[in-house]
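>>> Below are the sequence and a predicted model; questions follow.
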Amino acid sequence: MRQDVAALALPDGVRARLAAVCDVPDLVVDDFGRPEARKALARADVLISGWGCPVVDAGVLADAPRLRAVMHAAGSVKQVLAAAVWERGITVSSAAPANAAPVAAYTVAAIQLSAKRAFRAAGEYRAGRPQDLTVSPTTGLHDRTVGVIGASKIGRLVLGRLAGAGVRLLVHDPYLGAADADALGAELVGLDALLRASDIVTLHAPLLPGTRHLIDARALGLLRDGAVLINTARGGLVDTEALAEHCAAGRIDAVLDVTDPEPLPLAHVLLTLPNVLVTPHVAGAMGTEVRLLGAFAVAEVERFAAGDALVGEVRAEDLPRIA
């Protein structure tokens with residue numbers, strides 16, 4: 001990983017925990033071709049990776065004959081680990097469960113603020129047109145319907161945080177059963193039904209060939225007037241230009257922490273609309289929260305050393321349906 005990432009993810013206290021269960025060289029690399037990196041790989045049983053890690057491919061594995069596990073102190077492993085890692089039987093873990101909590105917290109905050117029309121109201125306030133929305137029937141979260149697309153780790157946390165909050169919860173996920181949805185406090189419905197019924201829709205699905213532009217012009221057209229679309233997952237889930245048309249018309253609002261492309265061109269209409277909030281991919285772990293990712297990876301090393309099951313294990317068969 002990068003040196004600055006390591007400083008946040010693996011501070012002294014976290015490194016001390018790691019040193020209690022294994023021999024840890026004082027080495028952080030972002031280039032596996034460096035002599036010191038190749039020397040360390042030759043004797044490594046476990047690799048802790050993170051943001052800035054070069055791809056671990058067959059060439060890297062050839063330099064790491066003893067490697068038994070890769071603990072990724074970040075979310076998705078798809079851009080970091082080649083198929084050769086699983087083909088060699090190496091155990092893989094991701095800190096996605098630790099990263100899920102900040103994203104879920106951001107999402108629930110966005111839902112609360114969107115329900116109060118806070119972003120539109122702030123724009124009107126700045127323009128010198130403050131509005132009294134106290135008795136507006138279009139504001140407030142109570143008795144609203146929130147649709148969650150994707151019962152991922154993050155999607156489940158969002159459902160859990162909203163359960164009992166006086167909202168109707170809908171969920172769509174092709175891998176989720178009705179009983180599991182009921183246990184999450186939500187009603188399992190088809191995508192179209194969710195879009196038609198929801199006041200607020202939040203996306204938590206992985207970006208796969210089959211989910212690209214899942215929310216396209218047709219899907220957006222199913223949203224009721226005044227609905228809000230929140231995307232903290234992947235920008236490619238949404239047809240950006242179709243969304244821009246609906247938002248520019250004032251028919252729906254949007255909160256976008258991810259976009260396609262990312263970043264958006266500075267002149268893009270979505271950056272100018274008072275009913276759209278675009279943030280630069282900040283929902284996940286940041287700053288002090290990055291330590292959560294490192295601590296998770298180290299806890300996985302502790303479990304691996306003890307022969308215990310890993311919490312964040314990523315199996316080869318999981319790859320086609322995860323982010």
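That came through fine.

>>> Please name the residues that touch Gln3.
Listed by CB atoms under 8 Å, 6 or more residues apart in numbering, the contact set of Gln3 reads Val28, Asp30. From N, CA and C alone the C-beta is placed, and that goes for glycine too.

>>> nope, Gly221 is what I was after
Counting by CB under 8 Å, 6+ apart, Gly221 makes contact with His246.

>>> In terms of pLDDT, where does it sit?
Here the pLDDT value assigned to Gly221 is 98.

>>> Please apply the same query to Gln131.
Reading off the model, Gln131 has pLDDT 84.

>>> For the nearest residue to it once chain neighbours are set aside, list the residues it contacts.
Nearest residue to Gln131 in three dimensions, chain neighbours excluded: Glu124, at 5.3 Å (CB to CB, 6 or more residues apart in numbering). Under the criterion of CB under 8 Å, 6+ apart, the neighbours of Glu124 are Pro130, Gln131, Pro274.

>>> do the same with Gly147
Neighbours of Gly147 in contact, by CB under 8 Å, 6+ apart: Leu170, Val171, His172, Val189, Leu194, Leu195, Ala197, Ser198, Ile200, Val201, Thr202.

>>> quick one: which helix or strand includes it?
Per DSSP states H and E, Gly147 falls inside strand 145-149.

>>> for Leu157, same thing?
helix 153-162.

>>> who does that helix touch, helix- and strand-wise?
Where contact means 3 or more CB pairs under 8 Å, 6 or more residues apart in numbering; DSSP states H and E, helix 153-162 is packed against helix 96-115, strand 145-149, strand 168-172.

>>> for the ones you listed, which one ends up most surrounded?
strand 145-149 (a mean of 26; mean count of other CB atoms under 10 Å).

>>> Could you please name the strands it pairs with and the direction of each pair?
strand 168-172 (parallel), strand 200-203 (parallel) (DSSP bridges).

>>> ok, residues contacting the last one?
Around strand 200-203, the neighbours that count as contacts under CB under 8 Å, 6+ apart are 107, 110-111, 114-115, 144-150, 155, 158, 194-195, 214-215, 223, 227-233, 237-238.
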